[in-house]
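# predicted coordinates and the sequence they were generated for:
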Amino acid sequence: MKKTNIKAASAVFLLIAAAVLCRRASYNISLPFAARIFDFTRTLIYIGLFSVWGFSINKRVVHRQTKRLLLAVCLLEIFWLTIREFKYRFVFDADALRGLWYLYYIPTILVPLLALYISMLLTKPDGYRLNRKSALFAIPSIALLVLMLGNDFHQLAFRFPEGAVKSEQSYTYGIVYFLTVIWAVICSLLSFSVMLMRSRLPKNRKSIPLPLVPIAAALVYSVLYALRLEFILRAFGDVAVVFCLVFTAFFECCIQCGLIQTNTRYSSLFNATEGISVIITDNDYNPKYASRDAESFLHEDMKKAEKAPIILDSKKRLNNMKVYGGRALWSEDISEILELSQTLKDTHEELKELSSLLLLEYEKEKEHKTVEEQNRLYDLLQSKTQPQLNLIDSLMQKYKASESEKEKQKILANILVIGTFIKRRKDFVLSMEYADEFPELMLSSALNESFRALKLLGIKGSFLVNSKRELVSSKALSLAYDFFEDIVEAVIDEARYINLQFCEVGGRLRISILTDCKKEAAALAAKYPDMIISGDDDSLAFLLKLEGGEGI
């Protein structure tokens, strides 16, 4: 045992001895006023002892919930001694005295329960709270407490003779009293067992059974006190003091054995610490504890590290943290981290340059791909409309050679019809790059514009587009428009009307065109071998089964 612990234990025993002497003096002295002084001094000694123990708990115990429960134990002990003082010094009514006597059992029942809860908190994180199942242990305690406080109604804890005054001078024990003692012992033993299971065993295992001594003493005292042995009543008749001392001794033994963890023994901890540089100072940075390998730091550096860690010249980082009563400072060797940081910085710069080069290369490649795609689309469009472009060139030559204004107007009208087809055919080509099906409205819109251009040549007509489908194959639509254009170019010089029908017959799309002129159709038959031509002297009908657009 350390010298400080020996001194503290010696001081406690001396104070208890002084309190015992005060009790004996109060009984033996003949002067009432002096006896009261000795009794009051004795009570102050015990209350002072438990108060100091409570302050030490607040300083030593780290776990917040455990600390609160231990402080609750301390307050219950002080409450017990306070009501005891009122009972013997300030209250004289028989019923009130008996009520204060029953209040003794509030700490008697609750302190063992708190001990059990304290054991459940061991090894748990600081913010941990007991679950709902732990509340089940409180049910017997509360039930026993209610029965104790209501003993006057049922006398199951203390039985009084019939017709006699209910007082502490004449009574016998009932079943509730014995259940209370048994439950308190069970809670104490359970708390000790749980502490053993959950706590890390200290090096000196011989000290582990030490907390059993107060439990055994409390059990023996309860039995002897219940037997009303004279020497027990004379020497240890103050139940409140005895049990308060027993409870305090139990918890202090658990602390000294290491079953309840504390934050004491800093000197031993720091002297055994190697390989780290840590010091604990007061608020003025005067060192109080230091590890074996602790470095000395300049006062200015320690002050600067309050806001944020600082880098020392030795490539070490100095950290400063506020602790209870002072500051904790420690240094870390970050030379490798600094080297790694520099390496990462260099790598970042290299990657940044590489990223710029890749971005430039991407932009160039993007431009190249854009030009390629534009050229591909231009070639595709030109391949689809090259005959019409050639026809426009031919018509332009005729326009230049013609001297008739009427003839020129007709040539311009022809060019407009062909130009409309080129414009609309371009839409089909570009749209087919992104989708395979379109609404039939696309064909209707193209035909509508083409028929408006035909009116300039005096060609009337109408069209009907009704496929009965939401979407139509883009190839079928483009084939239908190509077929219409080829028919128009074939009959444009002689026709006066053109009628077109695009519909579904027998589940297959087809297009039929009716015109009022006879025309050699050999070129059309060669391009559309599946085309059917029929007619009479006044009209000619062209029918083409699109078959879903195949043949393009």
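Looks like it arrived, so ask away.

# these two touch, right, Asn113 and Ile139?
Actually, residue 113 is Leu rather than Asn. No - contact between Leu113 and Ile139 fails when scored by Cβ atoms under 8 Å: they sit 10.3 Å apart. Heads up, the C-betas are built off the backbone N, CA and C, glycines and all.

# pick out whichever of the two has more residues nearby.
Each of Leu113 and Ile139 had its neighbours counted (other Cβ atoms under 10 Å), and the higher figure belongs to Leu113 (21 against 9).

# okay, that one and Leu210: tell me how far apart.
Using Cβ to Cβ, to the nearest Å, Leu113 is found at 22 Å from Leu210.

# go on, Asp39?
Relative to Leu210, Asp39 is positioned 32 Å away (Cβ to Cβ).

# then Tyr128?
Shown here: Tyr128 relative to Leu210, a distance of 27 Å by Cβ to Cβ.

# could you do Val146 as well?
When Val146 is compared with Leu210 (using Cβ to Cβ), they lie 34 Å apart.

# contacting residues around Gly127?
Residues in contact with Gly127, defined by Cβ atoms under 8 Å, 6 or more residues apart in numbering, are Arg64.

# secondary structure class for it?
Recorded secondary structure, Gly127: coil (DSSP: H, G, I helix; E, B strand; the rest coil).

# just the pLDDT for it.
Gly127 is assigned 73 on the pLDDT scale.

# got it, and Leu360?
Per-residue pLDDT puts Leu360 at 82.

# how many residues are close by it?
As a burial measure, the neighbour count of Leu360 was computed by other Cβ under 10 Å and equals 10.

# so who does the nearest residue to Lys166 once chain neighbours are set aside touch?
Spatial nearest neighbour of Lys166, chain neighbours left out: Phe160 (4.5 Å); criterion: Cβ to Cβ, 6 or more residues apart in numbering. If you count contacts by Cβ under 8 Å, 6+ apart, Phe160 has them with Lys166, Ser167, Ser170, Tyr171.

# pLDDT value on the third one, please?
Right, Ser170. According to the model's per-residue confidence, Ser170 sits at a pLDDT of 75.

# that one touches Phe158, doesn't it?
No - Ser170 is not in contact with Phe158 according to Cβ under 8 Å; the separation is 10.0 Å.

# can you show me the strands along the stretch 251-400 of the chain?
Listed in chain order, the strands found in the stretch 251-400 of the chain under DSSP state E, counting those that start in this stretch are 277-281, 287-290, 310-311, 316-323, 326-333.

# mind checking which of those is nearest Tyr399?
strand 310-311 (86.2 Å; Cβ to Cβ).

# which parts of stretch 305-313 are buried?
By 16 or more other Cβ atoms under 10 Å, the buried positions in stretch 305-313 come out as Ala305, Ile310.

# quick one: secondary structure of Gln409?
When the structure is split into helix, strand and coil by three-state DSSP, Gln409 lands in helix.

# Ser170 and Phe158: who's more crowded?
More crowded of Ser170 and Phe158, by other Cβ under 10 Å: Phe158, with 19 against 11.

# which stretches of the stretch 451-552 of the chain have low pLDDT?
Confidence mapping of the stretch 451-552 of the chain against pLDDT under 70 gives the ranges 519-521, 537, 547-552.

# need the helices for it, in chain order.
Under the criterion DSSP state H, counting those that start in this stretch, the stretch 451-552 of the chain carries helices at the ranges 474-491, 522-527.

# out of those helices, which one sits most buried?
Stretch with highest mean neighbour count among the helices of the stretch 451-552 of the chain: helix 474-491 (a mean of 22; mean count of other Cβ atoms under 10 Å).

# got the CA coordinates for it in CSV?
Below are the C-alpha coordinates for helix 474-491, written out as CSV (Å, rounded to 0.1, in the frame of the first residue of the first chain):
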residue,chain,number,x,y,z
SER,A,474,-37.5,5.4,-89.3
LYS,A,475,-36.3,3.3,-92.3
ALA,A,476,-39.9,2.8,-93.5
LEU,A,477,-40.6,6.6,-93.2
SER,A,478,-37.5,7.6,-95.1
LEU,A,479,-38.2,4.9,-97.8
ALA,A,480,-41.7,6.2,-98.2
TYR,A,481,-40.5,9.8,-98.6
ASP,A,482,-37.7,8.7,-101.1
PHE,A,483,-40.4,6.8,-103.1
PHE,A,484,-42.6,9.9,-103.2
GLU,A,485,-39.7,12.1,-104.4
ASP,A,486,-38.8,9.7,-107.2
ILE,A,487,-42.4,9.6,-108.4
VAL,A,488,-42.6,13.4,-108.3
GLU,A,489,-39.4,13.8,-110.2
ALA,A,490,-40.7,11.3,-112.8
VAL,A,491,-44.0,13.0,-113.4
